[in-house]
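[1] sharing a model that was predicted from the sequence below.
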Amino acid sequence: MMARAEEEADRLQRLLDLEDWQVFYVDSTLKHDYTLMVGELESLSASKVSNSSMYMAVQDKWMERIDAAYHGIFDDRQWQAYLKSGAAKAQKARQKRKAKSEGLK
C-alpha cells in the first residue's frame with residue numbers, strides 16, 4: 001500500500017502540477033488513510049464477512065475522506081482538474097451506492 005500511495009502521489013503531481021508541499025500532504029494522507037482502510041477491510045475478512053457491499057462501504061468511506069483532504073490541499077484549478085480526471089464520476093458512484101444502501105435500511 002505504501003508503494004501504491006507513492007505512485008498515486010506522483011501521478012497527481014504530474015496531472016495537477018502540484019507543489020512539493022502538496023505532494024507531501026497527498027502522500028502522507030494516502031499512506032495514513034490506505035493503512036486504516038486496509039485494516040478495516042482485513043478486520044471484515046477476519047470476521048468472515050461475505051457481504052461485498054460492506055467492503056465497498058469501507059472503501060467508499062475512506063475515499064470520501066481522501067477526497068475531503070484533497071479539497072483542502074488543492075487550489076481551485078487543481079481541484080477542478082482532479083474532478084475532471086475521473087474523481088467526479090467516482091464521487092457520484094459513491095453517492096449513488098450510499099443512497100441505495102440507505103434506502104434499504
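    Everything's here; your move. Residues are numbered from 1 along each chain as shown.
[2] which residue is the nearest non-sequential neighbour of the residue nearest the centre of the chain?
    For the chain, M63 is the residue whose C-alpha lies nearest the centre (CA atoms, centre = their mean; 2.5 Å). Distances taken as CB to CB, 6 or more residues apart in numbering place R94 nearest to M63, at 6.5 Å, with adjacent residues excluded. Where C-beta positions appear, they are placed from N, C-alpha and C, glycine not excepted.
[3] and the one you found, what does it touch?
    D60, M63, E64 (CB atoms under 8 Å, 6 or more residues apart in numbering).
[4] pretty sure the second one is touching A90, no?
    Which is M63. Yes: here M63 lies in contact with A90, judged by CB atoms under 8 Å, at a distance of 7.0 Å.
[5] quick revisit: any chance of the contacts of R94 in a markdown table, with pLDDT and secondary structure too?
    Formatted as a markdown table, the contacts of R94 follow (pLDDT from 0 to 100; DSSP: H, G, I helix; E, B strand; the rest coil):
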| residue | pLDDT | secondary structure |
| --- | --- | --- |
| D60 | 96 | helix |
| M63 | 97 | helix |
| E64 | 97 | helix |
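[6] and of those, the nearest to R4?
    M63 (13.4 Å; CB to CB).
[7] what about the closest one, distance to A46?
    22 Å (CB to CB, to the nearest Å).
[8] and for Y34?
    Counting by CB to CB, the gap from Y34 to A46 is 18 Å.
[9] just Y82 next, same as before
    Y82 is 34 Å from A46, by CB to CB.
[10] contacting residues around Q78?
    Per CB under 8 Å, 6+ apart, neighbours of Q78: L16, D17, L18, Q22.
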